[in-house]
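Asker: I'll drop the sequence and a predicted model, then ask my questions.
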Amino acid sequence: MLVKVFGSAVFGVEATTITIEVHMDKGIGYHLVGLPDSAIKESCYRIAAALKNNGLNFPGKKITINMAPADLRKEGSAYDLTIALGILVASNQISADDISQYVIMGELSLDGKLQPIKGALPIAVKAREEGFKGFFLPMQNAKEAAIVNDLDVYGVENLQQVIDFFGGNGNLEPTVINTREEFNIPYLPEFDFCDVKGQESIKRCMEIAAAGGHNIILIGPPGAGKTMLAKRLPSILPPMTLREALETTKIHSVAGKLKEVGLMRQRPFRSPHHSASSVSLVGGGSFPQPGEISMAHNGVLFLDELPEFKREVLEVMRQPLEDREVTISRAKFTVTYPSSFMLVASMNPSPGGYFKDSDAPVSSTSAEMQRYLNKISGPLLDRIDIHIEVTPVPFEKLSDTRKSESSDEIRERVTKARMIQTQRFGDFEGVNYNAQMSVKHIREFCALDATSLQLLKGAMEKLNLSARAYDRILKVSRTIADLSASEKVLPEHIAEAIQYRSLDREGWLG
């Protein structure tokens, strides 16, 4: 007897439907074909134990199982439930005439209980696209998959519940979530800018970076507050749109690192250690998985102590920073992960940790400081829009008991500026805020008057800026203008943007 049961495989952030064909014949043997990995090959032992512990039999016949398409590599233990049901139907132990109308996924424990799977959201999206009636999966993943409407999502705890459902004896009800209602629940940020004493100029930079989605690097001695400021940046970013939330949830679902139940509402903040490899940062592996830059999609990637990262690790970020996606190629397939994130980096100005100053506890020469800075390539620095020096907070500011401006107040201004940008780029696909502008958009929306042009020309010649740095200054100027609700980019906006190119200025080393 031949039975077809449907599962799904995830490649990149998209799912592909897999047909599990189970054929039962005379003889003895268990043959699993269709490019399964070791975890799938071992499934027969888990399935046999689960069936026996639930009063069922593993047939002593010749069982041939094909995972089609046969030329596509399958990975993981999530096909246990799919294969088990196929065997039960093929051996006439249960009757399930409409089993082909459902996608079925789940890892079996030896007692028949189900363990969570990865990629439930993209699988549910694909199941709805292909017209399946429902989706059976572990209870732990049910709310995540139920984000998708027009699909019956059944969260199950064990094998017996699925058997009872197809036998007409169960009382399973689909998991239902009102996505928009759940999405609109406000979240409270863990960190708030009201905790930061002083550093008003740095807060201004962070506000500009958040308003335009610009990359920023903070340079300062230990204890100046670089990490404290960076951790609070997500608290002033505008709330995610429903589309952004779905994109972000899908990536975290594929990676199996979804912390929130259901739809993600908080922008991700990723902070990998400086010992991270290039594969862990951009993604990859023999069976590619998303890296830190994709996990930070629509959020913030914070690289603390930037010069301590290996140079080759930092260089692989150059292309994703420009294209806002990363493509990983293998011999038989290519996957693309989105990686539109804000890069926030911090670093000390010298190996000793301090600027060249007679009062500094540890002094470094200009040559040592330059050598330390040279660990970061010029092309990478060019891709960072805002460079800002962070100086230690004086005692008078630290001991001040007055509350600083809160994240809510700053986020309100940032959100207004983002709304202006959303309206401006409404007709341009893939452009939502100023940092995403192409050269064409810059020429159209960052037109300068004669005074502004002369000011920018002088800065370009004096600082010897690259063409990319020129574009970055214009993008930041446009954001500053948006924050002040100005239709045009004025000379004062250009002047402020030029101030935020510290690493381009001669003499900043002291």
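Answerer: Thanks, I have it.
Asker: Quick check: next helix or strand after the helix or strand hosting residue 456?
Answerer: Using DSSP states H and E, residue 456 sits in helix 450-463. As assigned by DSSP H and E, the chain's next helix or strand after helix 450-463 is helix 467-483.
Asker: which residues sit against the helix or strand just after that next one?
Answerer: Downstream of helix 467-483, the next assigned helix or strand under DSSP H and E is helix 491-499. With contacts defined as C-beta atoms under 8 Å, 6 or more residues apart in numbering, helix 491-499 is touched by 448-449, 451-452, 455-456, 459, 473-474, 476-478, 480-481, 484, 486. (Glycine included, C-beta is placed from N, CA and C.)
Asker: quick one: which of those residues is nearest residue 422?
Answerer: Nearest to residue 422 out of the contacts of helix 491-499 is residue 478 (C-beta to C-beta; 13.8 Å).
Asker: for stretch 252-268, which positions count as buried?
Answerer: For stretch 252-268, a neighbour-count test (16 or more other C-beta atoms under 10 Å) marks 252, 253, 254, 255, 258, 262, 263, 264, 265, 266, 267, 268 as buried.
Asker: from the chain's centre, how far out does the longest strand along the chain sit?
Answerer: Assignment by DSSP state E gives strand 14-25 as the longest strand of the chain. Distance of strand 14-25 from the chain centroid (C-alpha atoms, centre = their mean, to the nearest Å) equals 30 Å.
Asker: Over to stretch 376-393?
Answerer: The answer for stretch 376-393 is 23 Å, by C-alpha atoms, centre = their mean.
Asker: quick one: contacts for the residue nearest to residue 113 when sequence neighbours are not counted?
Answerer: Nearest non-adjacent residue to residue 113, counting by C-beta to C-beta, 6 or more residues apart in numbering: residue 158, 4.9 Å away. By C-beta under 8 Å, 6+ apart, the contact list for residue 158 reads 54, 111, 112, 113, 114.
Asker: Can you add secondary structure and pLDDT and give the residues you listed back as TSV?
Answerer: Shown next, in TSV, are these (DSSP: H, G, I helix; E, B strand; the rest coil; pLDDT from 0 to 100):
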residue	secondary structure	pLDDT
54	coil	94
111	coil	95
112	coil	95
113	strand	97
114	strand	97
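Asker: Can you tell me which of those is nearest residue 75?
Answerer: residue 114 (18.3 Å).
Asker: residue ranges of the helices in the stretch 301-450 of the chain, please?
Answerer: Along the stretch 301-450 of the chain, counting by DSSP state H, counting those that start in this stretch, helices occupy 311-315, 318-323, 366-373, 378-382, 395-398, 407-424, 439-445, 450-463.
Asker: For the contacts of residue 158, which PyMOL command selects only the ones that are buried?
Answerer: A single PyMOL command is used to select the members of these judged buried by 16+ other C-beta under 10 Å:
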select buried, resi 112+113+114
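Asker: would you turn the contacts of residue 158 into a markdown table with distance to residue 70?
Answerer: Formatted as a markdown table, those follow (distance: C-beta to C-beta, whole Å):
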| residue | distance to residue 70 |
| --- | --- |
| 54 | 30 |
| 111 | 32 |
| 112 | 29 |
| 113 | 30 |
| 114 | 27 |
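Asker: Could I have the buried ones of the contacts of helix 491-499 as ChimeraX selection syntax?
Answerer: The ChimeraX command for the buried members of the contacts of helix 491-499 (criterion: 16+ other C-beta under 10 Å) is given here:
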select :448,452,455,456,459,473,474,476,477,478,480,481
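Asker: Lowest-confidence entry in the contacts of helix 491-499?
Answerer: By pLDDT, residue 459 ranks lowest within these, coming in at 86.
Asker: Just to check, it is in contact with residue 473?
Answerer: Yes - counting by C-beta atoms under 8 Å, residue 459 touches residue 473, with 7.5 Å between them.
Asker: Show me where the chain dips below the pLDDT cut-off.
Answerer: Scanning the chain for pLDDT under 70 picks out 180-188, 260-261, 357-359, 504-510.
Asker: who's in contact with the residue positioned nearest the centre of it?
Answerer: What sits nearest the mean C-alpha location of the chain, by C-alpha atoms, centre = their mean, is residue 295, with 2.6 Å. Residue 295 sits next to 251, 252, 255, 257, 268, 270 when contact means C-beta under 8 Å, 6+ apart.
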